[in-house]
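Q: Please work out how this folds:
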Amino acid sequence: MTDGQTRITVLVVEDNPYDARIIKELFRDMNDDSFALKFAETMQAAGGFASPAPSVVLLDLNLPDSNGAETLPRAEGLFPDVPVIVLTGFYEERLGLEMIKSGAQDYLVKGKITGEWLRYAIQYAIERGRNERQLKRREQHLRDILEKSPDGYIIVRPDRKVLFANRGAETILASPAKELLSRPFTLESDTGKVLETELACPGGERMPVEIRAVELNWEGEECRLVILRDLTPVRELERHRDEFISSISHELRSPLTVVRESLGLVFDETLGEVNERQKEVLKMGVDNVGRMNRLIDGLLDITKIEAGVMPVDISLTDLGALVSETAAEYAYVAAERKIKLQKELTEGPLATYCDREKIREVLVNLVSNALKFSPEGGTIKLSLKAWEGGALFCVEDQGPGVDAEDIPRLFNKFAQLGHRRPQGIKGTGLGLAISRGIVQLHGGKIWLESRADAGSRFYIQLPLKSFEAALKEAVRREIELSSPGKRGFCVVTLNLAGRAEAGTPAEALLEKAEQFIKRNMNNSHAVIRNTDGEFTLLLSDSGPNEGIKASSFIEKGLAKIGMTNASGRKEITTMLSFPGDFCDETTMLEALAKAREKVHA
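A: Next comes the predicted model:
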C-alpha cells in the first residue's frame with residue numbers, strides 16, 4: 001500500500017469455515033496489504049462491525065440467523081451506503097442476479113472465485129456504490145428543488161394518468177397530490193408552444209396560468225412533463241408597469257406641448273427678433289422636445305401592443321400603392337442626402353385587409369432607419385412581391401450592417417446598435433419593437449438579414465386576408481382578452497350601402513362615417529371596413545346594454561352626416577355580444593350572417 005492510500009476494509013459474513021478460509025487465502029495470495037479483512041458468522045455478529053462501517057461487505061445469503069433473500073435487506077439495514085457483494089452457491093447464479101436487482105452491487109459464485117476477479121469485484125462495487133450515492137444525493141436535491149418550487153411539475157402518461165405531482169401543482173390546481181394521482185389530467189398541453197389559461201380558485205377568483213410541456217422518459221415510460229406557472233404576480237407587475245408608463249406619459253405630454261409651443265413662438269420671432277446663436281439654441285430645444293414627444297408616443301404604443309389593446313382600423317389596402325407612397329414621401333430627403341431610393345413592385349395588384357396607417361408606420365420606420373445609416377452615394381431599395389401565399393416587403397440598404405450578436409435583441413425595447421451607430425444619430429430605441437408588434441398584430445413576421453459592413457435587409461411578411469379572415473382574427477384577439485371572469489365585448493355592424501341622402505356621394509358618406517366612428521367610439525379595439533360600405537366595430541368591455549346604446553348613438557350621429565331621417569327606415573346597425581350571442585369567431589360569423597339577413601329582409 002502506497003503512502004496516503006486508504007485501506008479497504010472487507011467484512012466477510014460467512015458461516016462456512018471452508019468457504020471463509022478460501023476467501024482468506026485468495027486475499028493472502030494477492031499480496032496486497034491495502035485490504036483489511038474482518039469475519040462474521042452471523043448477522044448478529046456482523047452488526048458488531050457497523051461502526052466504523054466497512055468499505056465493502058461479502059455476504060453469504062444462508063446464515064444461521066438469516067436465510068435466503070431476506071439476508072440482503074438486513075445487511076443493507078446494518079450497513080447503509082455500504083456496497084454489498086453477494087456470495088452464492090454453485091447453482092444459485094439466478095439468485096445472484098435477483099439480488100443485484102434488489103440492491104446488491106455484484107455477486108460471486110463460490111468455487112469460481114479467483115484473486116483477480118475478487119479484487120476487481122470489490123473495487124468495482126466500491127466505485128459503483130460511490131457513484132450511486134452521488135446520484136441519489138443529486139436526485140434528492142432535484143426532488144427537493146421540485147417540491148419547493150412554486151411552479152407546478154406534473155408527469156403525465158399518454159393516457160393522461162398522472163404519475164407525479166409536486167407541491168406547486170397541488171397549490172395551483174387546489175388539490176392534494178393523492179387526488180391528482182387518482183384522476184386524469186385534463187388541462188391541454190402542447191410541446192410545440194406555450195399555452196395560457198385561467199383556473200378557478202376555491203374563493204371564486206380566476207388564476208392566470210402558463211402551461212409548458214416537454215416529452216421525457218419516466219421510469220421506462222414515454223411521458224410528458226407539464227409545467228404550470230401562476231401568472232398572477234406577472235400580471236400584477238404588468239398592470240402596475242402599464243399604469244405607471246401611461247400615467248407618466250400623459251403627465252409629461254401636456255407640459256411638453258406648452259414648452260414646444262413657447263419655444264416655437266420665440267424661434268419664429270413672433271415675440272420679437274432673435275439672433276442666429278439664439279435661434280441655434282432654440283432649435284436644439286425644439287428638436288429635443290419633439291424627440292421627447294416621440295418617445296412618449298412610442299411608450300404608449302408599445303404598452304398598448306404588449307397589453308394586446310392596440311386599436312386597429314382595418315380596410316382593404318393596396319400594398320403596392322402603399323410602397324409607392326412611402327418611396328415618394330422620402331424621395332426628396334434621399335436626394336438631399338445624395339442617396340438613391342429605388343422601389344421594385346411585383347406585377348399585378350397585392351391587396352389585403354390590414355391597418356393601412358400602421359403598416360405604413362412600419363415601412364416609414366424602416367426607410368427612415370435606412371436613410372440614417374446609409375452612406376452618401378448609397379442605394380436603398382424598397383420592394384414588394386408575392387411570397388408563400390402572402391406579401392413580402394423588403395427594405396435594403398448599404399449601411400454598416402448589424403453584428404450577428406446584435407440581431408437577436410434588435411427588436412427589443414430600447415435596443416441600440418452600439419458601436420455601429422454613426423455619430424450624431426439618435427433614436428428612441430422603440431421603433432423596431434413597435435414595428436414588430438404591429439406586424440405580429442397582423443399575423444405577420446418581421447426579421448433582419450445582415451452582416452457587419454455588408455448592409456441590411458429588413459423583411460416583412462404579411463398574410464393576404466379576406467374581410468372575413470381579418471374579422472375572425474380581430475374577434476379571436478378580443479375573445480382572448482375577454483377571459484372568464486371579465487366582461488365581454490360587443491360586435492356592432494353598420495351597413496351604409498345605399499343610405500346616403502340624394503346628392504351625397506357614397507364615398508364621401510363613408511369617409512364622414514369613418515371619421516365619426518374614430519372620433520366618438522373610443523372604446524373600440526377594432527374598426528373593420530369592407531368594400532360594400534359596411535363597418536364592423538369591436539367594442540371592448542361592453543355588455544348587451546352598452547352595445548344597444550352604442551348602436552343607437554351611432555345611428556343618430558350618422559343621420560346628421562348624410563343619412564336620411566331614421567324615422568320609418570329600417571335599422572342600419574346590428575349588435576352581437578360575447579359570450580351571449582356567440583362563443584368563438586366561427587359562431588360569430590354565423591350569427592352575424594343571420595343578423596344581416598334580418599336587416600336586409
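Q: Which is the succeeding secondary structure element to the helix or strand of the chain with the lowest mean pLDDT?
A: When the helices and strands of the chain are compared on mean pLDDT, DSSP states H and E, helix 506-520 comes out lowest with a mean of 76. Once the chain leaves helix 506-520, the next helix or strand it forms, by DSSP states H and E, is strand 524-529.
Q: Parallel or antiparallel, list what pairs with the following helix or strand past that next one.
A: Downstream of strand 524-529, the first helix or strand assigned by DSSP H and E is strand 534-539. Strand 534-539 has its sheet partners listed here by DSSP bridges as strand 489-495 (antiparallel), strand 524-529 (antiparallel).
Q: what's the angle between the first one and helix 506-520?
A: Calculated by axes from the mean of the first three to the mean of the last three Cα atoms, to 10 degrees, strand 489-495 forms an angle of 160 degrees with helix 506-520.
Q: So what touches strand 489-495?
A: 475, 478, 481-482, 513, 517, 525, 533-544, 546-547, 550-551, 554, 558, 572-578, 588, 592, 595-596, 599 (Cβ atoms under 8 Å, 6 or more residues apart in numbering). Glycine gets a C-beta too; all of them are placed from N, C-alpha and C.
Q: just the last one next, same as before
A: Contacting residues not belonging to strand 524-529 are listed as 309, 311-316, 353, 467, 470-471, 474, 477-478, 481, 489, 510, 514, 517-518, 521, 535-540 [Cβ under 8 Å, 6+ apart].
Q: For PyMOL, write the select line for the buried members of the residues you listed.
A: Filtering the contacts of strand 524-529 down to the buried ones (16 or more other Cβ atoms under 10 Å) takes a single PyMOL command:
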select buried, resi 311+312+313+314+315+316+353+467+470+471+474+477+478+489+510+514+517+521+535+536+537+538+539+540
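Q: and Ala213, that's in a strand?
A: Yes: counting by DSSP: H, G, I helix; E, B strand; the rest coil, Ala213 is located in a strand.
Q: Can you pull the phi and psi angles for Asp151?
A: Backbone torsions for Asp151, taken as degrees, to the nearest 10, come to phi -70, psi 150.
Q: And the residue nearest the centre of this structure?
A: Nearest to the geometric centre of the chain sits Val194, at 5.9 Å (Cα atoms, centre = their mean).
Q: Who are the packing partners of the helix or strand encompassing His250?
A: Per DSSP H and E, His250 falls inside helix 232-267. Contacts defined by 3 or more Cβ pairs under 8 Å, 6 or more residues apart in numbering; DSSP states H and E place helix 232-267 against strand 206-218, helix 276-307.
Q: Include distance to Asp151 and mean pLDDT when you put these into TSV, please.
A: Shown next, in TSV, are these (distance: least, Cβ to Cβ, whole Å; pLDDT from 0 to 100):
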stretch	distance to Asp151	mean pLDDT
strand 206-218	9	91
helix 276-307	23	81
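Q: Quick one, which of those gets closest to Ile23.
A: strand 206-218 (40.8 Å; Cβ to Cβ).
Q: Report all helices and strands that the host helix or strand of Glu396 contacts.
A: Using DSSP H and E, Glu396 falls within strand 390-397. Using 3+ Cβ pairs under 8 Å, 6+ apart, the elements in contact with strand 390-397 are helix 319-336, helix 356-373, strand 379-387, strand 456-463.
Q: and of the helices and strands packed on helix 232-267, who's closest to Ser149?
A: strand 206-218 (13.4 Å).
Q: which parts of that closest one are buried?
A: Of the residues in strand 206-218, those buried (16+ other Cβ under 10 Å) are Met207, Pro208, Val209, Ile211, Arg212, Ala213.
Q: Partner strands of that strand, with direction?
A: Strand pairing (DSSP bridges) places strand 206-218 next to strand 195-200 (antiparallel), strand 221-230 (antiparallel).
Q: mind showing which ranges of this structure have poor pLDDT?
A: Along the chain, the parts satisfying pLDDT under 70 run over 1-5, 90-91, 245-246, 249, 415-428, 483-487, 497-506, 561-571, 599-601.
Q: right, and Met30 touches Ile113 too?
A: No: under the criterion of Cβ atoms under 8 Å, Met30 is not in contact with Ile113, lying 12.0 Å apart.
Q: So for the two, which sits in the more crowded spot?
A: Counted by other Cβ atoms under 10 Å, Met30 and Ile113 do not tie: Ile113 has more neighbours, with 17 against 14.
Q: Would you agree the more buried one falls within a helix?
A: No: per three-state DSSP, Ile113 lies outside any helix segment and is coil.
Q: What is the end-to-end distance of stretch 107-119?
A: With Cα to Cα, to the nearest Å applied, stretch 107-119 spans 13 Å between its terminal residues.
Q: now do stretch 157-169
A: Span of stretch 157-169 from end to end, Cα to Cα: 16 Å.
Q: same thing with stretch 227-235?
A: Span of stretch 227-235 from end to end, Cα to Cα: 18 Å.
Q: chain center to that stretch: distance?
A: In terms of Cα atoms, centre = their mean, to the nearest Å, the centre of stretch 227-235 is set 12 Å apart from its chain centre.
Q: And stretch 51-70, by the same measure?
A: On Cα atoms, centre = their mean, the centre of stretch 51-70 falls 56 Å from the chain's centre.
Q: what do you get for stretch 356-375?
A: 27 Å.
Q: What residues sit buried inside that stretch?
A: In stretch 356-375, counting by 16+ other Cβ under 10 Å, buried: 356, 358-374.
Q: what's the closest non-adjacent residue to Glu41?
A: Asp15 (4.3 Å; Cβ to Cβ, 6 or more residues apart in numbering).
Q: can you tell me how far that neighbour sits from Ile113?
A: Look at Asp15 and Ile113: by Cβ to Cβ, to the nearest Å, they are 17 Å apart.
Q: cool, and Phe467?
A: 86 Å.
Q: Would you agree Asp581 is in contact with Ala591?
A: Yes: taking Cβ under 8 Å as the definition, Asp581 is a contact partner of Ala591 at 5.2 Å.
Q: hang on, the earlier thing: may I see the buried residues of the least confident helix or strand of the chain?
A: Buried residues in helix 506-520 (16+ other Cβ under 10 Å): Leu509, Leu510, Lys512, Ala513, Glu514, Ile517.
Q: and the closest residue to Gly378 other than its chain neighbours, what does it touch?
A: Nearest residue to Gly378, sequence neighbours excluded (Cβ to Cβ, 6+ apart): Gln398, at 4.1 Å. Contacts here follow Cβ under 8 Å, 6+ apart; on that basis Gln398 touches Ser374, Pro375, Gly378, Thr379, Ile380, Gly455.
Q: coming back round to it: can I have the buried ones of the contacts of strand 489-495 as a PyMOL selection?
A: To isolate the buried subset of those in PyMOL, counting by 16+ other Cβ under 10 Å, use the following:
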select buried, resi 475+478+482+513+517+525+533+534+535+536+537+538+539+540+542+546+547+550+551+554+558+572+573+574+575+576+577+578+588+592+595
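Q: Show me the contacts of strand 489-495 that map onto helices.
A: 475, 478, 481, 513, 517, 544, 546-547, 550-551, 554, 558, 588, 592, 595-596, 599 (DSSP state H).
Q: Torsion angles phi and psi at Ile145?
A: Main-chain torsions, Ile145, degrees, to the nearest 10: phi -60, psi -50.
Q: How many residues are close by it?
A: Other residues close to Ile145 by other Cβ under 10 Å number 11.
Q: got it, and the one 5 residues further on?
A: Using other Cβ under 10 Å, the number of residues around Pro150 comes to 13.
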